[in-house]
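Peer 1: here's my sequence, what's the structure:
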Amino acid sequence: FAVMFQVPVAGVLLPLSLVLLAGVIGFSALGTLLGGITSTLRGKEVLLPLLLFPLIAPILIVVVHLTGAILEGEPIQIFNRGDMLRDFTYIDDVVEGLTRVLDAPPAPDPAWKAEAPDPASSAALAKLLADRSDGVATAAAAALGKIAGTPAAAALGGALAGAAGVRQANIARAYLACADRLLDHGKQSAAATIYGRLAEPGLPRPVRLAALRGKLAAAGDRAADMVLALLASDDPDERAIAAGCAGDLIGPEAIRSAVDQFPKLPAKGQVLLLAALAGAGDKVAMPVAVAAAASDRETVCAAGIRALGKLGDAAAVPRLVEALAAGGDLAGPAGESLGEIFGDGVDGAIVTAMQKAETRLRGTLIDVLAERRSVQAVPALLEEAGNDKAGIRHRAVSALGKVAEPKDVAAMIARLLQTEKGRERDDTAKAIVSVCNRIPGADQRADPVIAVLAQANNADRCVLLPLLGRVGGDKALAEVQRAMRSGDAQIKAA
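Peer 2: Residues are numbered from 1 along each chain as shown. The predicted structure is shown next:
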């Protein structure tokens, strides 16, 4: 190195000599061993290099690494503080041990207690939290988090105070697991204390947010107020966590507080609260949705309109119809909520609004009633099927095909017979066929039409016979065959 590369070696001659000596010894020892083994074998000249080169590679790699570190003045990295362990367990012993374990399945320990799983091991594990190895400390923390007794919690809390970096994050996660187990075992006060500490600034954000969720779960009667306070936070993650818990934590007794606090929340907090309450589906929260639906902030108003679909009743229908009539961005959520809202009198309220509405809105409400499969709306739809506006008639007939029952077929046929030949009559016939096809027994599907056919004059029979053909069935075929034997040419043609 000194002659060919001009590397100064004066100050490192001793450690460099030791490395070179160790390399020579290793190379010589391995070469001598393999040479002795192969000396009596045929082809030893070929066999010796094939065995020696792969085995000598680790020695060469170590010598090169150490030489480079010495010449560059870098410290030599020592793994595991130089404490190297090797396991020479025979594989057959491992297999035999596993077989014996399988033959003796574990049984529960009757002395084990959930609130104090293993207090004796907590003290031993607590000492390992201060171990110089991060791996050992992390494993000890994880074990204490699972034990979750009072000594384990105290040990984790003490270790967290003096930890930093990766070790702090690992201990914090174990401390969080400890709090979760304490909460599961009914120790809300102890769990809440840990959650409160883990929610403080300075700890990893995922841990703080998880601790915040646990803090809400352990808050008991104070949970609703905490949720409302968090919904007013500037932190979007805190708002999201509060919203995720709101549906479960804001019960009937806290709704009044939610209604009072609702106007004080920022718009994003109001929207999240509405979505959470709507997801829970408890109609006791309806006042919050009603208040939001009247808001002058469009995002809040839209959220309130959506929430009314889950939380509202018949009293909310006029507001939804108003939003639907206004059009714009609120029309979509209003239409969806009208399709979802349920309760006594809802269908009747929509029917009443439909009958009072102008043409465009009336058609939309007819579509809503069809989507709701509102049987209560059939009389009103039959009336609208005779409306002087063709578009309304078309929508009403289409809706009847979805919501009418077999007992309504006679009234639908009466409307069919009043229509002129063409598309409108064809649409009405399709709606009648759709209703008949919902009759469970295939042989009975033509009965409503046959009942009217028996009382019809020849002109009406000419309209109804093609309808029977669309309905199908043996009874319909028999009626058609009977008509074929008629002396009336028009009936035969029909």
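Peer 1: which element follows the longest helix anywhere in the chain toward the C-terminus?
Peer 2: Looking across the chain with DSSP state H, the single longest helix is helix 44-72. Counting by DSSP states H and E, the element after helix 44-72 in chain order, helix or strand, is helix 91-103.
Peer 1: could I have that following helix exported to CSV, CA atoms only?
Peer 2: The C-alpha atoms that make up helix 91-103 are tabulated as CSV, following Å, rounded to 0.1, in the frame of the first residue of the first chain:
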residue,chain,number,x,y,z
ILE,A,91,-32.7,-31.2,13.6
ASP,A,92,-34.1,-34.5,14.8
ASP,A,93,-34.3,-33.2,18.3
VAL,A,94,-36.4,-30.2,17.1
VAL,A,95,-38.8,-32.5,15.2
GLU,A,96,-39.1,-34.8,18.2
GLY,A,97,-39.8,-31.8,20.5
LEU,A,98,-42.5,-30.5,18.2
THR,A,99,-44.1,-33.9,17.9
ARG,A,100,-44.3,-34.2,21.7
VAL,A,101,-45.9,-30.8,22.0
LEU,A,102,-48.6,-31.7,19.4
ASP,A,103,-49.4,-34.8,21.4
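Peer 1: element containing residue 30?
Peer 2: Using DSSP H and E, residue 30 falls within helix 13-38.
Peer 1: which helices and strands sit right next to that helix?
Peer 2: Under the contact definition 3 or more CB pairs under 8 Å, 6 or more residues apart in numbering; DSSP states H and E, helix 13-38 sits against helix 44-72. C-beta: built from backbone N, CA, C; applies to glycine.
Peer 1: where does the stretch 51-200 of the chain dip in pLDDT?
Peer 2: Scanning the stretch 51-200 of the chain for pLDDT under 70 picks out the ranges 77-88, 104-121.
Peer 1: show me what counts as buried in the helix holding residue 30.
Peer 2: Judged by neighbour count (16 or more other CB atoms under 10 Å), helix 13-38 contains these buried residues: 16, 19, 23, 26, 30, 34, 38.
Peer 1: do the same with stretch 386-393
Peer 2: Residues of stretch 386-393 classed as buried under the neighbour-count rule (16+ other CB under 10 Å) are 387, 392, 393.
Peer 1: secondary structure element for the spatially closest residue to residue 354 that is not a sequence neighbour, which one?
Peer 2: The shortest distance from residue 354 to any residue other than its chain neighbours is 3.8 Å, reached at residue 365 (CB to CB, 6 or more residues apart in numbering). Using DSSP H and E, the element containing residue 365 is helix 359-371.
Peer 1: any idea which helix or strand comes after that helix?
Peer 2: Following helix 359-371 in sequence order, the next helix or strand is helix 378-384 (DSSP H and E).
Peer 1: sorry, back to before: name the helices or strands packed onto the helix holding residue 365?
Peer 2: Short answer (3+ CB pairs under 8 Å, 6+ apart): helix 359-371 packs on helix 317-326, helix 331-340, helix 346-356, helix 378-384, helix 390-403.
Peer 1: what's the closest of those to residue 139?
Peer 2: helix 331-340 (51.6 Å; CB to CB).
Peer 1: angle of that closest one against helix 346-356?
Peer 2: When axes from the mean of the first three to the mean of the last three CA atoms, to 10 degrees is applied, the directions of helix 331-340 and helix 346-356 differ by 130 degrees.
Peer 1: contacting residues around helix 331-340?
Peer 2: Here helix 331-340 makes contact (CB atoms under 8 Å, 6 or more residues apart in numbering) with 302, 305-306, 308-310, 312, 316-317, 320-321, 323-324, 350, 364-365, 368, 371-372.
Peer 1: redo that, cut-off 6 Å
Peer 2: Residues lying outside helix 331-340 but in contact with it, judged by CB atoms under 6 Å, 6 or more residues apart in numbering, are 302, 305, 306, 308, 309, 320, 323, 324, 368, 371.
Peer 1: before we move on, what about stretch 29-38?
Peer 2: If you take CB under 6 Å, 6+ apart as the criterion, stretch 29-38 is touched by 44, 47, 48, 51, 52, 55, 56.
Peer 1: burial measure for residue 192, as a count.
Peer 2: Taking other CB atoms under 10 Å as the criterion, the count of residues near residue 192 is 21.
Peer 1: which residue packs closest to it, ignoring adjacent ones?
Peer 2: Closest residue in space to residue 192, ignoring its immediate chain neighbours: residue 218 at 4.1 Å, by CB to CB, 6+ apart.
Peer 1: returning to that earlier point: quick one, which of the contacts of stretch 29-38 are buried?
Peer 2: The neighbour-count test (16+ other CB under 10 Å) marks 48, 51, 52, 56 as buried among the contacts of stretch 29-38.
Peer 1: where does residue 131 land in three-state SS?
Peer 2: For residue 131, the secondary structure call by DSSP: H, G, I helix; E, B strand; the rest coil comes out as coil.
Peer 1: can you tell me how far it is from residue 191?
Peer 2: Relative to residue 191, residue 131 is positioned 27 Å away (criterion: CB to CB, to the nearest Å).
Peer 1: neighbour count for the two, which is higher?
Peer 2: When residue 131 and residue 191 are compared on other CB under 10 Å, the one with more neighbours turns out to be residue 191, at 24 against 14.
Peer 1: and the more buried one, what are its phi and psi?
Peer 2: Geometry field for residue 191 lists phi and psi as phi -60, psi -40, criterion degrees, to the nearest 10.
Peer 1: ok, now the one 10 residues further on?
Peer 2: Dihedral pair for residue 201: phi -60, psi 150, per degrees, to the nearest 10.
Peer 1: thanks a lot, see you next time.
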